[in-house]
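A.B. asks: sequence and computational prediction follow.
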There are 2 protein chains.
Amino acid sequence: MTVSNVVNGHENVRPETRARVLAAITELGYRMNTAARGLRRGRSGIIAIAVSTVASPYEGMISAALAEQVARAGYDPVIELTGHRRAGELDAITHSLLRDHDGLILHSAHLDEHDLPLLRGRHPVVVLSEREYDEGFDQVLLSNVDGARAATTHLLDAGCTRPGMIGGRSTPQGHEDVLSVRAQGYRRALEDRALPLVPSAVLPAPYTFAGGAAAAHELLEEHPRTDGIFCATDVLAVGALRALHERGLRVPEDVKVIGFDGLDLGRYSTPSLSSVVPDHAALARVPVELLLTRLRGERLAEDHRREVIAFRLEERESTRR
Amino acid sequence: MTVSNVVNGHENVRPETRARVLAAITELGYRMNTAARGLRRGRSGIIAIAVSTVASPYEGMISAALAEQVARAGYDPVIELTGHRRAGELDAITHSLLRDHDGLILHSAHLDEHDLPLLRGRHPVVVLSEREYDEGFDQVLLSNVDGARAATTHLLDAGCTRPGMIGGRSTPQGHEDVLSVRAQGYRRALEDRALPLVPSAVLPAPYTFAGGAAAAHELLEEHPRTDGIFCATDVLAVGALRALHERGLRVPEDVKVIGFDGLDLGRYSTPSLSSVVPDHAALARVPVELLLTRLRGERLAEDHRREVIAFRLEERESTRR
DNA sequence: CTGAAAGCGCTAACAG
DNA sequence: CTGTTAGCGCTTTCAG
């Protein structure tokens, strides 16, 4: 018991006793068993951050920023990857994300609606999502439609008359994901100006440099007179820049390009990349705050919040007139 | 007990009983308490991957690749960030990385020698490091010196006569880190050709795009006749490409640039980036294999392995003659 | 200020 | 095939 008091820095331990305990700890190589502590206390002090992968620049950046905020709040962050998770019913109960964290921040770029209930454990969950879910979760949303619309409008304002889109997709109502939500914004911008939507100028693409390059080649092949490209992510946009360079097209003179995410990378590409930049600081701070108010029991179980993160459009070389 | 048998998929449960248990689990919303299981079993099934950050492309890629290998081996991977960790003695014992994982893979780019013993818990540790440590750990090493030497030699072979280096540093013997180890390879390459080493042409830099750009500007300011740059990482190199572009210098005609890490990004920059590419697959596979043989008790406690990962030099546009 | 008792939820071993 | 017993290492409570 006294050892416990020492290790946890409690009062009421005579300095001499404390010293003796610490000496023994060092000598014996004692290490706290956190499973036992967690079992007894009923909480682990861990907040999990679940994200599809950390190999993509955007996901990596967000994960790191969230982890920093979690640490700042006095919790231990761990990152779990949802990428290649099998989704058996029982598996979701026994394994999966439901370990003993005190809370979970789930970045669910591609998660299906009916998977979400499986993620409810005993602990609070905040979903960082691309679209609105009906389920009872605290939610932090990006202004995807507005951001994509602003990006496309920016292309039109810069003089583009036939902008295409890379990384878009049309999906049935109720199944929106990043791709389709951003494509929606692209469509709205065209509607605003009463421009015709050319479905074949909206290309889906895997979210990689290679995917962006391939889609840009395809777009220019199909629509040689394309003079602007809205890319659903900055990674896609960098791939597109490369493809345009390979085709001997100049950016921004021949084709203007704009991305989404505000990656640092876009500031250092050649040409530098215009982008819709979400408020990264808020994106890390807000989910953690929502979780904390819940962990502190400051909100009723049924009081679910929905916060929207602001963005700004940063114009760089790739869309200069 | 029967519930336990069902949840763990053990034999010897009548199908009907199993069904009843599963129904109850669903109805009651039962979730396994993994802390209790871990306490009882003495193992958690978790392997931790500790890395400085996941916001950098290289670290993010490696973490994701390691996590995939861990999952493939039947363990649950979690990623912990060592970035801004305070290093109090007791803190390292009670908090820190010493939670209840069954094993730890530590990517220690910048870790100090005498910190390592603190990381020893009850579980095996594999250190993925930039230099050799004396301590008794299994170790996976990159061929940093050889790789940097090959990169610099490649610049010389391409016709450079005054190559500088970005992201290098000289440090006292016994305190080598990535920066100094790669700088060592750069020096060796110059020695091989009996070229003079110009200390002021080796610039340290924070490992960011901005750091690479700033260092490149500084290098060209100090040494305007620089005709080649070896960058300690691809991220630095991309920053340098940007700086050279801003200065109106052409790559590779005026200045040739080569990086290190083999990031996907380097294939899509303009110009594409030559790089020393470590065998990424091996880099993810070997540490997990080392950990597994230990977890399976196939090696004696004192039998520490040291594996070296191969690299190859990929020539792309940034160093074409 | 220090320590004894009890129990967190689970499963290995064993009994029925 | 199902259920009972005991104990993993810790901390909350309460006595000394």
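C.D. replies: Alright, I've got the coordinates. This is a predicted model, so every value here is computed, not measured. Numbers count the residues shown, from 1 in each chain, chains lettered A, B, ... in the order given.
A.B. asks: CA atoms for contacts and neighbours, from now on please.
C.D. replies: OK.
A.B. asks: stretch A:279-290 vs chain B: in contact?
C.D. replies: No: Stretch A:279-290 does not reach chain B (CA under 8 Å from any CA of the partner chain); its nearest approach is 12.6 Å.
A.B. asks: buried residues in that stretch?
C.D. replies: Within stretch A:279-290, the residues scored as buried using 16 or more other CA atoms under 10 Å in any protein chain shown are A:280, A:282-284, A:286-288, A:290.
A.B. asks: any idea of the mean pLDDT in it?
C.D. replies: Stretch A:279-290 shows a mean pLDDT of 97.
A.B. asks: what about A:Gly297, distance to A:Val70?
C.D. replies: Separation of A:Gly297 from A:Val70 (CA to CA, to the nearest Å): 17 Å.
A.B. asks: which one of the buried residues of stretch A:279-290 sits closest to B:Arg250?
C.D. replies: Using CA to CA, A:His280 comes nearest to B:Arg250 of these, at 33.9 Å.
A.B. asks: how close does the closest one get to B:Val51?
C.D. replies: Counting by CA to CA - A:His280 and B:Val51 are separated by 22 Å.
A.B. asks: try A:Val286
C.D. replies: A:Val286 is 25 Å from B:Val51, where distance means CA to CA.
A.B. asks: rewinding a little: same list (the buried residues of stretch A:279-290) but as CSV, adding secondary structure and distance to A:Gly259.
C.D. replies: Shown next, in CSV, are the buried residues of stretch A:279-290 (DSSP: H, G, I helix; E, B strand; the rest coil; distance: CA to CA, whole Å):
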residue, secondary structure, distance to A:Gly259
A:His280, helix, 15
A:Ala282, helix, 20
A:Leu283, helix, 18
A:Ala284, helix, 21
A:Val286, helix, 24
A:Pro287, helix, 24
A:Val288, helix, 27
A:Leu290, helix, 29
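A.B. asks: which one of these is nearest to DNA strand D?
C.D. replies: A:Val288 (23.7 Å; CA to the nearest atom of the strand).
A.B. asks: just to revisit the earlier point, so if I had to pick from A:Gly297 and A:Val70, which one is more boxed in?
C.D. replies: For A:Gly297 versus A:Val70, neighbours defined as other CA atoms under 10 Å in any protein chain shown are more numerous around A:Val70 (26 against 10).
A.B. asks: quick check: phi and psi on the more buried one?
C.D. replies: phi -60, psi -40 (degrees, to the nearest 10).
A.B. asks: spatially nearest residue to it (excluding sequence neighbours)?
C.D. replies: A:Pro77 (5.9 Å; CA to CA, 6 or more residues apart in numbering or on different chains).
A.B. asks: got the confidence number for the one you found?
C.D. replies: Confidence score, pLDDT, at A:Pro77: 90.
A.B. asks: what sits up against the strand or helix carrying it?
C.D. replies: If you go by DSSP states H and E, A:Pro77 is part of strand A:76-81. Strand A:76-81 has contacts (CA atoms under 8 Å, 6 or more residues apart in numbering or on different chains) with A:45-54, A:63, A:67-68, A:70-71, A:97, B:64, B:67, B:77-81.
A.B. asks: got the CA coordinates for that strand in PDB?
C.D. replies: What follows is strand A:76-81, C-alpha atoms only, in PDB (Å, rounded to 0.1, in the frame of the first residue of the first chain):
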ATOM      1  CA  ASP A  76      -2.100   9.000 -22.900                       C
ATOM      2  CA  PRO A  77      -2.800   8.900 -26.600                       C
ATOM      3  CA  VAL A  78      -2.500   5.700 -28.600                       C
ATOM      4  CA  ILE A  79      -3.200   5.500 -32.300                       C
ATOM      5  CA  GLU A  80      -5.000   2.500 -33.800                       C
ATOM      6  CA  LEU A  81      -5.300   1.800 -37.500                       C
END
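A.B. asks: tilt between that strand and strand B:76-81?
C.D. replies: 130 degrees (axes from the mean of the first three to the mean of the last three CA atoms, to 10 degrees).
A.B. asks: tell me which parts of the stretch 51-200 of chain A are close to DNA strand D?
C.D. replies: Applying CA under 7 Å from any atom of the strand, one finds that the stretch 51-200 of chain A does not approach DNA strand D at all.
A.B. asks: ranges for the helices of the stretch 51-200 of chain A?
C.D. replies: For the stretch 51-200 of chain A, the helices defined by DSSP state H, counting those that start in this stretch cover A:57-72, A:89-94, A:144-157, A:178-192.
A.B. asks: would JSON lines of these with mean pLDDT and distance to B:Phe260 be doable?
C.D. replies: Shown next, in JSON lines, are these (pLDDT from 0 to 100; distance: least, CA to CA, whole Å):
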{"stretch": "helix A:57-72", "mean pLDDT": "96", "distance to B:Phe260": "18"}
{"stretch": "helix A:89-94", "mean pLDDT": "38", "distance to B:Phe260": "40"}
{"stretch": "helix A:144-157", "mean pLDDT": "97", "distance to B:Phe260": "34"}
{"stretch": "helix A:178-192", "mean pLDDT": "90", "distance to B:Phe260": "33"}
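A.B. asks: and the residue of the stretch 101-250 of chain A that's closest to DNA strand D?
C.D. replies: A:Asp102 (15.1 Å).
A.B. asks: which residues touch that residue?
C.D. replies: A:Asp102 makes contact with A:43-48, A:123-124, A:295, according to CA under 8 Å, 6+ apart.
A.B. asks: so what's the closest residue to A:Glu59 other than its chain neighbours scoring on pLDDT?
C.D. replies: Spatial nearest neighbour of A:Glu59, excluding adjacent residues (CA to CA, 6+ apart): A:Thr53 at 6.5 Å. The per-residue pLDDT reported for A:Thr53 equals 92.
A.B. asks: thinking A:Thr53 is in contact with A:Ile62, fair?
C.D. replies: No: with contact defined as CA atoms under 8 Å, A:Thr53 and A:Ile62 do not form a contacting pair (10.8 Å).
A.B. asks: more neighbours, the two?
C.D. replies: A:Thr53 (25 against 21).
A.B. asks: would you say A:Ile258 is within a strand?
C.D. replies: Yes: the assignment for A:Ile258 is a strand, going by DSSP: H, G, I helix; E, B strand; the rest coil.
A.B. asks: next one: it from A:Met165, what distance?
C.D. replies: 10 Å.
A.B. asks: hey, what's in contact with both of the two?
C.D. replies: Common contact partners of A:Ile258 and A:Met165 (CA under 8 Å, 6+ apart): A:229-231.
A.B. asks: output these as a markdown table; include the columns distance to DNA strand D.
C.D. replies: Shown next, in a markdown table, are the shared contacts of A:Ile258 and A:Met165 (distance: CA to the nearest atom of the strand, whole Å):
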| residue | distance to DNA strand D |
| --- | --- |
| A:Ile229 | 57 |
| A:Phe230 | 54 |
| A:Cys231 | 51 |
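A.B. asks: just the residues you listed now: which is nearest DNA strand C?
C.D. replies: Using CA to the nearest atom of the strand, the shared contacts of A:Ile258 and A:Met165 come closest to DNA strand C at A:Cys231, 46.5 Å.
A.B. asks: the closest one contacts A:Gly259, correct?
C.D. replies: Yes: with contact defined as CA under 8 Å, A:Cys231 and A:Gly259 form a contacting pair (4.8 Å).
A.B. asks: ok, those two, which is more surrounded?
C.D. replies: Taking other CA under 10 Å, A:Cys231 and A:Gly259 do not tie; A:Cys231 has more neighbours (35 against 30).
A.B. asks: list the contacts for that one?
C.D. replies: A:165-167, A:237, A:257-260.
A.B. asks: out of these, which one has the weakest pLDDT?
C.D. replies: Lowest pLDDT among these: A:Gly167, 94.
A.B. asks: quick one: the nearest residue to that one once chain neighbours are set aside from chain B, how far?
C.D. replies: Leaving aside its sequence neighbours, A:Gly167 sits nearest to A:Pro204 (CA to CA, 6+ apart; 4.4 Å). From A:Pro204 across to chain B, the span is 19 Å (CA to the nearest CA, to the nearest Å).
A.B. asks: isn't A:Pro204 up against A:Arg169?
C.D. replies: Yes: between A:Pro204 and A:Arg169 there is a contact under CA under 8 Å: 5.5 Å.
A.B. asks: mutual contacts of the two, please.
C.D. replies: With CA under 8 Å, 6+ apart, A:Pro204 and A:Arg169 have common neighbours A:Leu179.
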